[in-house]
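Visitor: sequence and predicted model, in that order:
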Amino acid sequence: MTNTREIASEILQRIYKKQHLDKICENEPNFKKLDQRDKNFVRLTILETLRRNIQIDTIIKRFLTKPLEYKRIKIQNLLRISICQILFLKVSEYAVVNTTVEIAKKYKFHKLVNAILRNVCRQKKQLFNEFGNLSNLPSWILKDLKKNLSPTEIKQISKVIVEEPELNLKIKKSYIKFKNWEVIMNGKFIESDILLTKNNGKINKLPFFDEGLWWVQGLSSSLPVKCLDNLFPISQRKERKILEVCAAPGGKTAQLVDYGFQSISLDISEYRINQLKTNLDRLDYKPEIICTDFLNYNPDQKFDAILLDAPCSASGLIQKKPEILVINKQTDLKKLMVEQNRLLEYSKEFVKKDGYIIYCVCSINNCEGYEQINKFLKANKNFSSVNHVDSIKKYGRILSDNMLQIYPKRFKFSDNINGYLDGFFISILKKEKNS
Ligand SMILES: C[S@@+](CC[C@H](N)C(=O)[O-])C[C@H]1O[C@@H](n2cnc3c(N)ncnc32)[C@H](O)[C@@H]1O
């Protein structure tokens, strides 16, 4: 099998079965055989198909007299890929229809595929007008968004998640002044140490990758460590003990070292801890790393702060990882909420009086952020939720009790720079009394 459309539809099928795009691409022999140009095209098609999954499936339904049976899933995915290319990627209709019909002959479904794709080509403009603005947000996300946002605000999120996001690079603090990063990376600084640039798909080919002078980190995801940066003056950092729970693959670990904190970074997953070590080796950073379940960890000391980046649905990353849009996480959500609460409750024992828990999740679901912290504050009256500084607040919305929720959006950093922000939730909890 060498045709890019067939490869794309096979990969898509596995994503619908909850496999990760990056992992499939690493191991799929047919994908690995493609040249770089075709690889990029296959990835682009899959990402766009996932981002527009509800629009595309609604169009397919319009042309089917009865739904395709489950065993015809290959045909469904071929149609998804082809419709995406015709309507949204503006690929030559002739090429798409001809090759897809050829592939469908193997499954004896070429007549149906031919009829549907020719109808799509004929009605292209009308379909685009009718379905181009339909929301692609799944119900398990929408349900929670409706609790805080107006229909217009939800519409804005739907609009932004179908765009290709830019890349954010965190530049090592000690190297910011010594190079003209905006010229070297063809980008713009959007925070003192975060640079926004175009995503060309080849991270390890960017300048100074091998030298380890930067790493990829979204601005939203850098904010929890920026909270610590605001809480503890530089002069106190060497004495402050920070425990980072759920640390891998290490974006925030690198940032903690970069900002001069003494941190212990801990994660349950051996695979992800190895990724963290590889990432930090490239940067030549050497914090203390522990691979264990936090719920079995019994340190003999208390910490000035615990940074808890809890496991979550990742619904804040739907633009960067659109596979999240097609996997129903309703059941996972319940399990995650239990785990988040257990991690939070366990953290409180190891925080010094006047110390902090920074709780964060890359989620836009209320139940993983706002409701989780509300529950914790009700059960733990010796903790209070502390104000975020204005420089961080500006990126999101303050829900009650100083909790910060960032929604996926385009943010205007200055008159001529605007860029994409991931969804994120951050709460700073202060231990006012020991119990
Ligand atoms: C959101 S990711 C962390 C991302 C990371 N902080 C970063 O910035 O690169 C959540 C992590 O929690 C870890 N995790 C889940 N349950 C855990 C537990 N009980 N103890 C320790 N780590 C856990 C997972 O292995 C996963 O790496």
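Guide: Yep, that arrived.
Visitor: which ones are touching the nearest residue to Asp401 once chain neighbours are set aside?
Guide: Distances taken as C-beta to C-beta, 6 or more residues apart in numbering place Ser385 nearest to Asp401, at 4.3 Å, with adjacent residues excluded. C-betas here are computed from N, CA, C, even on glycine. Ser385 makes contacts with Ile373, Leu377, Asp401, Asn402, Met403, Ser427, Ile428, Leu429, Lys430, as judged by C-beta atoms under 8 Å, 6 or more residues apart in numbering.
Visitor: just the helices in the stretch 201-350 of the chain please.
Guide: 219-231, 251-258, 270-283, 330-347 (DSSP state H, counting those that start in this stretch).
Visitor: near the ligand, which residues of this protein are found?
Guide: 245-252, 266-269, 272, 293-295, 309, 311 (C-beta under 6 Å from any ligand atom).
Visitor: please identify the most buried of the helices of the stretch 201-350 of the chain.
Guide: Highest mean neighbour count of those: helix 251-258, a mean of 24 (counted as mean count of other C-beta atoms under 10 Å).
Visitor: give me the most central residue, this structure.
Guide: Per C-alpha atoms, centre = their mean, the C-alpha nearest to the average position across the chain is that of Leu317, at 2.7 Å.
Visitor: go through this structure and flag its longest strand.
Guide: Looking across the chain with DSSP state E, the single longest strand is strand 351-361.
Visitor: adjacent strands (with direction) for that one?
Guide: Within its sheet, strand 351-361 is paired with strand 303-309 (parallel), strand 424-431 (antiparallel), according to DSSP bridges.
Visitor: so which of those strands comes closest to Leu78?
Guide: strand 424-431 (36.2 Å; C-beta to C-beta).
Visitor: how's this structure carved up into domains?
Guide: 4-131, 165-216, 218-431 (automatic domain parsing).
Visitor: would you tell me which one of these is buried the most?
Guide: domain 218-431 (a mean of 19).
Visitor: circling back to that earlier point, confirm the residue nearest to Asp401 sits in a strand?
Guide: Yes: according to DSSP: H, G, I helix; E, B strand; the rest coil, Ser385 belongs to a strand.
Visitor: Gln330 contacts Ile141, correct?
Guide: No: Gln330 lies out of contact with Ile141 (C-beta atoms under 8 Å); the separation is 10.1 Å.
Visitor: quick one on the thing from earlier: mind putting the strands paired with strand 351-361 in CSV, mean pLDDT included?
Guide: Below are the strands paired with strand 351-361 laid out as CSV (pLDDT from 0 to 100):
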stretch, mean pLDDT
strand 303-309, 98
strand 424-431, 98
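Visitor: is it possible to get a markdown table of these that adds distance to Asn3?
Guide: Converted to a markdown table, the strands paired with strand 351-361 look like this (distance: least, C-beta to C-beta, whole Å):
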| stretch | distance to Asn3 |
| --- | --- |
| strand 303-309 | 41 |
| strand 424-431 | 39 |
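Visitor: for Asn27, which of these is the nearest?
Guide: strand 303-309 (27.3 Å).
Visitor: roughly how far is that closest one from the heart of the chain?
Guide: Computed by C-alpha atoms, centre = their mean, to the nearest Å, the chain-centroid distance of strand 303-309 equals 22 Å.
Visitor: repeat that for stretch 231-247.
Guide: 26 Å.
Visitor: just the CA coordinates for that stretch, please, in PDB.
Guide: Output in PDB follows, covering the C-alpha atoms of stretch 231-247 (Å, rounded to 0.1, in the frame of the first residue of the first chain):
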ATOM      1  CA  LEU A 231       5.700  33.900  44.600                       C
ATOM      2  CA  PHE A 232       9.400  33.400  45.500                       C
ATOM      3  CA  PRO A 233      12.000  36.100  44.800                       C
ATOM      4  CA  ILE A 234      15.200  35.000  43.000                       C
ATOM      5  CA  SER A 235      17.300  35.600  46.100                       C
ATOM      6  CA  GLN A 236      15.300  32.900  48.000                       C
ATOM      7  CA  ARG A 237      15.200  30.300  45.300                       C
ATOM      8  CA  LYS A 238      18.200  28.200  46.400                       C
ATOM      9  CA  GLU A 239      16.700  27.600  49.800                       C
ATOM     10  CA  ARG A 240      13.100  26.900  48.600                       C
ATOM     11  CA  LYS A 241      12.200  23.300  48.100                       C
ATOM     12  CA  ILE A 242       9.800  22.500  45.300                       C
ATOM     13  CA  LEU A 243       8.200  19.200  44.600                       C
ATOM     14  CA  GLU A 244       6.900  18.700  41.100                       C
ATOM     15  CA  VAL A 245       4.300  15.900  41.000                       C
ATOM     16  CA  CYS A 246       3.300  14.500  37.500                       C
ATOM     17  CA  ALA A 247       6.400  15.900  35.900                       C
END
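Visitor: list just the nearest of the contacts of Ser385 to the ligand.
Guide: Ser427 (15.2 Å; C-beta to the nearest ligand atom).
Visitor: ok, now which ones touch that closest one?
Guide: Contacts of Ser427 (C-beta under 8 Å, 6+ apart): Ile358, Tyr359, Cys360, Gly369, Ile373, Ser385, Asp401, Asn402, Met403, Leu404.
Visitor: what of Ser265?
Guide: Ser265 neighbours (C-beta under 8 Å, 6+ apart): Glu244, Ala247, Gly250, Thr253, Leu256, Leu276, Pro287, Glu288, Ile289, Ile290.
Visitor: would you list those in CSV and tack on pLDDT and distance to Glu166?
Guide: Shown next, in CSV, are those (pLDDT from 0 to 100; distance: C-beta to C-beta, whole Å):
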residue, pLDDT, distance to Glu166
Glu244, 98, 27
Ala247, 98, 26
Gly250, 97, 22
Thr253, 98, 24
Leu256, 97, 25
Leu276, 98, 25
Pro287, 95, 29
Glu288, 97, 34
Ile289, 97, 30
Ile290, 98, 34
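Visitor: relative to Asp22, how far out is the closest residue to the ligand within the stretch 151-300 of the chain?
Guide: Closest to the ligand within the stretch 151-300 of the chain is Cys246: 3.1 Å, counting by C-beta to the nearest ligand atom. Distance, Cys246 to Asp22, by C-beta to C-beta, to the nearest Å: 20 Å.
Visitor: skipping its backbone neighbours, what lies nearest the closest residue to the ligand within the stretch 1-150 of the chain in space?
Guide: Proximity of the stretch 1-150 of the chain to the ligand (C-beta to the nearest ligand atom) peaks at His20, 13.6 Å away. Once flanking residues are discounted, His20 sits nearest to Glu323: 6.8 Å by C-beta to C-beta, 6+ apart.
Visitor: now do the end-to-end distance for stretch 165-174.
Guide: Distance across stretch 165-174, first residue to last, is 27 Å (C-alpha to C-alpha, to the nearest Å).
Visitor: ok, now stretch 419-434?
Guide: OK, stretch 419-434 end separation, C-alpha to C-alpha: 42 Å.
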